[in-house]
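> structure of the sequence below:
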Amino acid sequence: MEKKTGMSDWKLKPSDRFILKWIKINLSARITPILVAVKWLRPWMLTLVSAIVGVFAGFVFAAGCGWGAATLAAFAQVMDGVDGQFSRLTGMQSRWGAFLDSVLDRYADAALIIGLVIYLIRLPDAFSAWQVLGAGFFSLCGSSLISYTTARAESLGIPMGKPTLASKGTRTSIIVLCGWASALWAQAPILALCYLAIHPNIVVIRRIFLAKGQNYNSSEKREA
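Sure thing, here's the model as predicted:
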């Protein structure tokens, strides 16, 4: 029987929380061991596949097929877990791979959000284009800033506490669920856009105040 610690070594990263843990343990980890047997495969190839599928999901959303986009986005999210597991199992981990994964994730994020916005604007007599564009703006900024503030805080040595619940795994999962729900209620993706416009930005604002508090604490220590 596989020990829990051994399982965590390759299936999960320390920063993974609830939703990502479930996806990686129950879905990604079923695929990864199969791919390890493919000798010519490299982690960056899996990262690229995940990003391409994620970007394509955004185009499918824009074309008006919410459930199709959601299915592609779900597959991309599972593969996004596979590349990291693959690199850990094969000993091919690298800083370049981690950097590439973070960069390509932002392309997939942006494509999904833009596709979601176009999908909602195209719905007949549903929402004002300006309302959707406004929510889309905050969604795109908030989603990008989650990653940016994490990296920036780490580079400055500013502790941000536990990993945020507004991670890519959570954001993508909500888009996926609302995309699938569009098969029953065409306007369901508006719920995903509202979430993306609110929660990530609340986290970013909280981090700004945390960083400010850390700055005051550092100043007080220097004066003492």
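> I'd like the average pLDDT over the longest helix anywhere in the chain.
Scanning the chain for the longest helix, with DSSP state H as the assignment, gives helix 189-223. The average pLDDT within helix 189-223 is 84.
> isn't Lys11 right next to Ala29, touching?
Yes: in this structure, Lys11 is within contact of Ala29 by CB atoms under 8 Å, at 4.9 Å. The C-beta positions use only the backbone N, C-alpha and C, and glycine is treated the same way.
> quickly list what's touching both of those two.
Residues touching both Lys11 and Ala29 by CB atoms under 8 Å, 6 or more residues apart in numbering: Gln85.
> about what we covered before: in the longest helix of the chain, which residues are buried?
Along helix 189-223, these residues count as buried under the neighbour rule (16 or more other CB atoms under 10 Å): 189-190, 192-193, 195-197, 199-201, 203-204, 207, 210-211, 214.
> ok, now stretch 88-103?
Neighbour-count burial for stretch 88-103, counted by 16+ other CB under 10 Å, picks out Arg88, Leu89, Thr90, Gly97, Leu100, Asp101.
> just the CA coordinates of that stretch, formatted as CSV?
Output of stretch 88-103 as CSV, limited to C-alpha atoms (Å, rounded to 0.1, in the frame of the first residue of the first chain):
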residue,chain,number,x,y,z
ARG,A,88,8.7,14.6,-10.1
LEU,A,89,8.3,10.9,-11.0
THR,A,90,11.0,11.1,-13.7
GLY,A,91,13.4,13.4,-11.9
MET,A,92,13.0,16.0,-14.7
GLN,A,93,12.1,18.9,-12.4
SER,A,94,13.6,22.2,-13.4
ARG,A,95,13.2,25.9,-12.7
TRP,A,96,12.7,26.5,-16.4
GLY,A,97,9.8,24.0,-16.4
ALA,A,98,8.2,25.7,-13.4
PHE,A,99,8.6,29.1,-15.1
LEU,A,100,7.2,27.9,-18.4
ASP,A,101,4.2,26.4,-16.6
SER,A,102,3.4,29.6,-14.8
VAL,A,103,3.7,31.7,-18.0
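> so how far is that stretch off the chain centroid?
Distance, stretch centre to chain centre, for stretch 88-103: 16 Å (CA atoms, centre = their mean, to the nearest Å).
> again with stretch 65-85
Distance of stretch 65-85 from the chain centroid (CA atoms, centre = their mean) equals 10 Å.
> quick one, what contacts the spatially most central residue of the chain?
In the chain, the C-alpha nearest the mean C-alpha coordinate belongs to Lys168, at 1.7 Å (CA atoms, centre = their mean). By CB under 8 Å, 6+ apart, the contact list for Lys168 reads Gln77, Asp80, Asp105, Asp109, Ser143, Ile146, Ser147.
> just curious, which of the residues you listed is nearest to Thr47?
When the contacts of Lys168 are compared for distance to Thr47 (CB to CB), Asp80 wins out at 7.8 Å.
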